[in-house]
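Asker: With the sequence up front, the predicted model follows.
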Amino acid sequence: MFKPCSTFDVAYNIYKFDSELRKLIITELEKIEVAVRTQTAYILSSQWDGYWFTDAFHFNNSVRHAKILSKIDEEYQLSDEEFVKAFKSKYSDPFLPSWITMEMSSLDTLSILYNNLLPGRVKWSIAAYFGLPDTVFASWLHSIVYIRNIYIIWKLNLLVIFFLAKTTFLSCKPTL
């Protein structure tokens, strides 16, 4: 059940390292996420309009675009954010403006949306803000979504039931 020479101190140090690493990663991912949301909304809204994401003209694949709009609508309907509630109470638009939509949407939705944008100056501008070619930025954005999902899944799996043996026979000589 336990590795030979396992100690509580070793386990605790591994736990502390894991905890600090996760905090560091999620803190930096949140900064990146805010920057991606902000730049996507700013660049695309200033080039087109506040509802650019609703126009299939800006996207490679119309079927994928329809799925993105459906996902955005689902996130809009389920959102309990105060700014979304305020918008719903004041306006009857089926979609929020992009600067609100980018804030409300999941990072996964944002990644899919970016990947489906037509190649060109606007897509390049978002990637260039981060100092990357658009294909590299798309790959990194996908990787960030993947890493963030690992973090979220880890948090969901915290409830684990452990069974211990009634007796354990270990002979251990600490090594330094």
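Answerer: Okay, I see it.
Asker: Would you agree V136 is in contact with A127?
Answerer: Yes - V136 is within contact range of A127, at 7.2 Å (criterion: C-beta atoms under 8 Å). (C-beta placed from N, C-alpha, C; glycine too.)
Asker: So those two - more neighbours on which side?
Answerer: Applying other C-beta atoms under 10 Å to V136 and A127 shows that A127 carries more neighbours, namely 19 against 12.
Asker: Chain neighbours aside, what residue packs nearest to the more buried one?
Answerer: F137 (3.6 Å; C-beta to C-beta, 6 or more residues apart in numbering).
Asker: Does that neighbour lie in a helix or a strand, and which?
Answerer: helix 134-156 (DSSP states H and E).
Asker: And the longest helix seen in the chain, what does it pack against?
Answerer: Longest among the helix segments of the chain by residue count, using DSSP state H, is helix 8-47. Judged by 3 or more C-beta pairs under 8 Å, 6 or more residues apart in numbering; DSSP states H and E, the packing partners of helix 8-47 are helix 98-104, helix 107-116, helix 121-129, helix 134-156.
Asker: closest one to E28 among those?
Answerer: Closest approach to E28 among these is made by helix 134-156 (9.7 Å; C-beta to C-beta).
Asker: Now do the buried residues in that closest one.
Answerer: Buried positions in helix 134-156, judged by neighbour count with 16 or more other C-beta atoms under 10 Å: D134, F137, A138, W140, L141, I144, V145, R148.
Asker: Run the chain-centre distance for it.
Answerer: 6 Å (C-alpha atoms, centre = their mean, to the nearest Å).
Asker: got a list of contacts for the lowest-mean-pLDDT helix or strand in the chain?
Answerer: Every helix and strand of the chain was ranked by mean pLDDT, DSSP states H and E. The lowest is helix 134-156, at a mean of 86. The contact list for helix 134-156, computed with C-beta atoms under 8 Å, 6 or more residues apart in numbering, reads 22, 25-26, 29, 32-33, 36, 107-108, 110-111, 114-115, 119, 123-124, 126-127, 130, 132.
Asker: how close does S92 sit to W140?
Answerer: S92 is 38 Å from W140, where distance means C-beta to C-beta, to the nearest Å.
Asker: which residues are contacting the host helix or strand of R64?
Answerer: In this assignment (DSSP H and E), R64 forms part of helix 62-78. The list of residues contacting helix 62-78 from outside it, by C-beta under 8 Å, 6+ apart, reads 53-54, 56, 59, 84, 94-96, 101, 104-106, 109, 112-113, 116.
Asker: Brilliant, that's me finished.
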